[in-house]
Structure formats: structure tokens, C-alpha cells
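> Next input, structure requested:
(2 chains)
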Amino acid sequence: MTSSMSMGQPVGASGTAGRGRFEAPAASVTPMVQLVDPSGVRVDDPDFAPIAPPDQTAALLRDMALIRRFDTEATALQRKGQLGLWAPLLGQEAIQVGVHSVLGGTDHVFPSHREHGVGMLMGLPIERMFGIFKGCEMGDWDAEALRFHHYSMVIGAHTLHAVGYAMGMAADARREDARRTDGQRPSSEPGVSVVFHGDGAISEGDVNEAYIFAAAYQAPTVFICVNNQWAISEPVERQSRVPLYQRAWGFGIPGIRVDGNDVLAVQAVTSWALDRARTGQGPTLIEAFTYRMGAHTTSDDPTKYRSADESEGWQHRDPIARTSAWLRSVGEWDDAQQAQLDQDTEAFGAEVRAAVDRVPDPSLGQVFDRVYAGTTDLLERERAEALGRVAR
Amino acid sequence: MSQTATAVSSSTLTLAKALNAGLRAAMEADDRVLMYGEDIGPLGGVFRVTEGLQARFGADRVLDSPLAESGLVGTAIGMAMRGYRPVVELQFDGFVFPGFDQITQQLAKLRSRSHGRVGLPVVVRFPYGGGIGSIENHSESIEAYFTHTPGLTVVSPSNPHDAYWMIQQAVASPDPVIFLEPKRRYHEKGTVRLDAPGRDLHEAAVVRPGAEVTLLAWGPMVRTCLDAATVAADEGRSVEVVDVRSLSPLDMTTILESVGRTSRAIVVHEAAGSYGPGAELAARITEELFYVIESPVLRVTGYDTPYPPSRLEAEWLPGVDRILAAVDRSLGY
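You can find the predicted model right below:
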């Protein structure tokens, strides 16, 4: 028994020395799926292998470079006062690109407030994202058509929406099955809801309830827990005494840890989890082990709560440098391609800077239009008053 | 109308059975309507409001859920985003709070947040109010929390006819509806006209005409106000009773017409008085009818304490005597 256990002495445990049935399994055993190591060397995993040939990985490198540029430009725009706030994704590019690269055409993404890169890759115009952080809108995009849903600032609240959405997808599939006559093929591939949440969110009740509901109904949901080690200034050790992926088993959900700075590994593991969901095997929790290189948002200062040594240590595990080193080693990347990519990201940076000026200004009248499907006498009166005052 | 037609067009039901019939009708009308909650399947809910629905519609449409209120409302939001119309049952008013964020920050706001793109036709039903001799967290009146939240509509039926129709109207609503079921009236019977609802979901109703003072109430307090009006009539007082029915939005037209006629108003509700719906109604009436009313708008409410042990609830809750005392006070100005 550990001294920290507060329960009464269990029958038969008296005097038990060493590890026994009343102790947790060893948390030190944390196998992590990795296919390319931090120096760019391909390594073997007993269960996973790259799912695409090397020549297709260059596209992933390009996507990572572009969303990094998007993010660094956005951070600079906040510093210049053109955005009110920004939540940087620096260091997490491999997760966003790796997950996005294996999404099917019917899958839906439920992001936390840091998946700007996923949104961009799914077709969300940059200015729509900037609209939120500029204070001009709450998320004025067609989430259903884009399959990229709205940001939720209440940590973890959206995980339940993703599970409910997946339950609806499964219900749709059952209804289609019931309608189909023998021999007909399904009209489309069954969809999966892919939900991102952070390591801090794992302490929220909603996230735990999301796991429970997903397991209870075997919802086709893939949870991507982005463990970037810090929930603002709270280290992951304060959120959990066990590795995060191990928590999933307590809910009856398989949990797996992947190197979140290894785009090939993220791609392979996500693809496996999507297949599980699509074939009716239920949800999976993927812990993507990474590091938030920047601040939680531009309003905090990481130097106050974490050491320079720690941050520098993670720079050597950079997802872009690693992928490019491996591609070079297999002859799929060279200086000319890098020069072209540098030129493209430079041009893209200019596009990002221009996008912030394209964000339309909101108008006060709009806020009265969106409360209900119709309107009410009270809202009409308040609208008239508000617009009258503005007009004066 | 022939006798046969009369028999078909109306029925005598308890409020609970009327809700059950209304839910059944809503599910038959639209196969995207789902029932969702704790113990609502074979058990039929703790008050048996969903009795027989799972047997009729199957476990895919009447889903028993894990015991987690935030999970219930949150996943219902996701199902609604996918095109379903979930009707969530929470077991008691005092158990709503674990789902409070999902109701007030998510369910209520997604339409605004998405600039009108995401409508959530979700009904959150729960039994509310006291008077059944139950234990803590089983008797609260928490309508003010939801009426203070833009994006929600909040309604409460007071009789079986309204229960039957208002639940169907709530399910058909494109917006989230908080549906407050007066649990102490579940077993009271009344006539349900099955051919027509009579009025829209958000209309108030003058349920007893009178000339001297208007009582404004909803849910469980409507019956109490009608009883008070009957006693008052024996004492020579003419008291009008308005069933507010919809707390958000409020039908101020009907309310102001009534108070305009009687020139006096008393709001009666079970919840604690401070910052309660009575305060809102009093303020609105005063703003609109300042030169018409003959006395201040009065409130007869629960006291500003946590809900008491049930042996005290008969004294704590607004009853006929307290309402009549308020009538006297109002007429004494």
C-alpha cells in the first residue's frame, strides 16, 4: 500500500510488501508510436508503419510549413494590435496536418480553439478565423458544409457535441441500412467525428462525460488529446497522475500515445482509429504527445511558469525539421524544393497579412437577428432603441 | 358536433398522461424526434411521463442514458447539429445544474455564435416546483436562471390540455425550449381537446376573468391562484387570473391588457422573490402602465431561503391565504 492511499486497509492487504493488486499499474511504461525520430531517422514500430509513400509526405511538409507561417504571422498581427488575441499553434503542426491528411469526405472535425491549421486545410478562409480573434464574429462559417465546427472557449464543452454528432451519424447509417434493399451499397462512407481537446481539458467533467457517452453508445468518435504539456501555466502533472492515454481504458476506450511531433506517426495512428470507428468498433483516444512552443495565448508569458531549458529541449524535436531531414535522407527533398517552399511561404505570409484587413466589421443590428429563429417583441424594441441611439 | 366526434376530439387525462400522449404524437409526426434521458426506457421515467414510448418506438429513438446531465444535454446538442430533434428529460429541477453550462452557454448560444447557421431544436424537460413532500433538490423552481439567458425559450403548462399541446409545439420549435413540468400537478385531471391547441406556445391566457386585480402565475401556481380567486369571489372580490404560460418570451400584450383592465397586478411564483420572474413582470408593468395602475405591483413568492425541508413547505410556498392577503393589500391603496 502506498502511504497516500486514504482508504481503509483492504482485507488481505495487511503487510503486503512491494507491488500488489491495490497499486496502480506502472505509469512509467508509456510506449509511444514513433516512425521518424527527432533526428529524422526512420524507426520501426511493432504495430504501425507509414501509410503513404515518401513522395506523398512532401505535401505534408508543405502543409506544416504553411500553417506555421499562418500562425507566426497571426502572432505578429496580435502584437501589432490587429488582433485582440491569438492562441498560437507553434510546435503542434504535425498533429494538425497528420490528422487532417487522413480525414474522409464524410468526417467532421470538432476543434478546440487552437486548430487553426486544420480549419485552414479544410477550406476555412483565414479571415473567418481572424474574425473571431479580431472581435468581429463568433465563427461565421458554415460548419456543416465545411465539416469543421465552431470554436468553443469553454474548455471541453465541445467534446460532448462531437459525441452526440457521432451518435447522429451512426443513427443515420442505421436508418440508411434499414431503407436499403439487399445488395445495394451504402450511398456514402460512414462518417466519424474527430474531436480535439487539450491536456488541461482532460480534467473537465464534460470531457470525462464525453468518454462515458462515447463508450456507452460506441459512438464513431476519435478523440485527439493534444498533450502539449501545459494548460496555460498548469503542467500536465497537475492534471493527471497517470499518462493521459491510460485514462481511456478506465472508460472502456482504447488509448494510445503517439509522438505528436512525428507527422507520419500521427497519420498512421489516426488512420487506424478512424478505421475502428468506421467499422463499428467504437471510439479511440489518441494522446498526441507534443509541446506548445509558444504561449497559451498571446496574453500570457510562458517564461513565468516554465524553464528555458525545457522549451529549448523541445526545439530539437521540431516536427518540420524532422520531416524534412527524413525526406532528404530518402531523396524526396532537396535544396531546390526547400527554396521553392520558402518562397511559397513568404508569399503566403503576405496573403495572411492581407486577410486580416478583409475581416468585415460587424454591426450592432445583427446581434438581434440571431438569438432565435424568429424574433420577439422585446428584441424588436431593443433593436429599434439600439439602432436609434447609434444613428444619433 | 355528433357525440362520436366529440368523443374523438376530447379526452380526460392527467397532466402526466397528457404529456405522454403529446410526446407520442410528436414522435409519430416526425421520425427525427428522439427521447433521451435517465430511466426513460422500460421504467418510463421517474414520473412515468415516457411510459410505453420505448416499447412503441424502439431503443434507437427512446434512449436510456448514463447518469450525467451535462453529457445528456451536450450530446443532445450534437444530435441536433446532425439533424435530430432530441427531447431530453432531466429527472428533477435540482439536478439541472450539472448541465447548466451546456444549457446556458452552449445550447442557448450556438445560434448566435454561428450567426444563425446552427439552430438547435432541443427540448429540455424536467419536473419542477415543490409541494410533493420530497427531499432536498427535488422541489426547486429555477425558471429565472433560464429566462435570464437569451436564446432559450422557457414555458410551463398548468393543465393537461396545455401539456398535450405545448410539448408538441416545443418539439416543433426551431429553438431550444426549457419545458418546466409542474410536478405537483402531474396527477390532476382535465379535458384535453385533441383537435386543436387553442393558442400558440408563447401566448398567455386569461383563465379566469375578473375586474379588480390581476393575478399572474404559471405552472403549479395557476391552480392555487384559481382557488384563491374562487375564495375571493365568495368575499365579493372580482379577481382575474392570467396563466403566463411562456416566461420567455413573455406575452406582454395579454398581460398588459389584463392589468390595464383591472389596474392592479400581483405576481405569484414559487421561486424565491429576489431577482425572480416577479421582479421582471413588476418592472415591465410599471414601465408600461405607470399612469394606469392604482397600486404597486405586488409579489407573492417563495421566501429568500433555500427550499425548506418538506414538512415546512406548506407554510413556505405561496398559498391561498397569502395570495388573498396580497389581494387585500393591493385593493387597500
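
> Could you check the pLDDT of residue B:211?
Confidence at residue B:211, expressed as pLDDT, is 98.

> And for residue A:280?
95.

> Identify the spatial nearest neighbour of it, chain neighbours not counted.
Leaving aside its sequence neighbours, residue A:280 sits nearest to residue A:218 (Cβ to Cβ, 6 or more residues apart in numbering or on different chains; 7.1 Å). All C-beta atoms are positioned from the backbone trio N, CA, C, and that covers glycine.

> and the one you found, what are its phi and psi?
When read as degrees, to the nearest 10, the backbone of residue A:218 gives phi 50, psi 50.

> separation between it and chain B?
13 Å (Cβ to the nearest Cβ, to the nearest Å).

> That residue: what's it in contact with?
Going by Cβ atoms under 8 Å, 6 or more residues apart in numbering or on different chains, residue A:218 touches A:170, A:280-283.

> between these, which is closest to chain B?
residue A:170 (9.6 Å; Cβ to the nearest Cβ).

> for the helix or strand where that closest one lies, what is the average pLDDT?
Using DSSP states H and E, residue A:170 maps to helix A:157-179. Average pLDDT, helix A:157-179: 95.

> what's the pLDDT at residue 260?
If you meant another chain, say so; for now it's chain A. 98.

> let's do chain B instead
At residue B:260, pLDDT is 98.

> Kindly report the same for residue A:81.
96.

> Tell me how far it lies from residue A:88.
17 Å (Cβ to Cβ, to the nearest Å).

> Can you pick out the residue with more neighbours from those two?
When neighbours are counted by other Cβ atoms under 10 Å in any protein chain shown, residue A:81 and residue A:88 differ, and residue A:88 comes out ahead with 20 against 7.

> so where does the more buried one fall, helix or strand?
Residue A:88 belongs to no helix or strand, assigned by DSSP H and E.

> before we move on, the earlier item: buried ones among the contacts of residue A:218?
A:170, A:282-283 (16 or more other Cβ atoms under 10 Å in any protein chain shown).

> Could you list the low-pLDDT ranges of the stretch 201-333 of chain B?
Within the stretch 201-333 of chain B, no stretch has pLDDT under 70.

> That one: helices as residue ranges?
Per DSSP state H, counting those that start in this stretch, the stretch 201-333 of chain B carries helices over the ranges B:220-234, B:252-262, B:277-289, B:313-316, B:320-331.

> buried ones in stretch A:350-361?
Residues of stretch A:350-361 classed as buried by neighbour count (16+ other Cβ under 10 Å): A:352-353, A:355-356, A:359.

> Then stretch A:116-129?
Here stretch A:116-129 shows A:116-122, A:124, A:126-129 as buried, counting by 16+ other Cβ under 10 Å.

> would you turn those into TSV with distance to chain B and pLDDT?
Converted to TSV, the buried residues of stretch A:116-129 look like this (distance: Cβ to the nearest Cβ, whole Å; pLDDT from 0 to 100):
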residue	distance to chain B	pLDDT
A:116	17	97
A:117	21	98
A:118	18	98
A:119	14	98
A:120	19	97
A:121	21	98
A:122	16	98
A:124	13	97
A:126	18	94
A:127	14	95
A:128	11	93
A:129	14	94
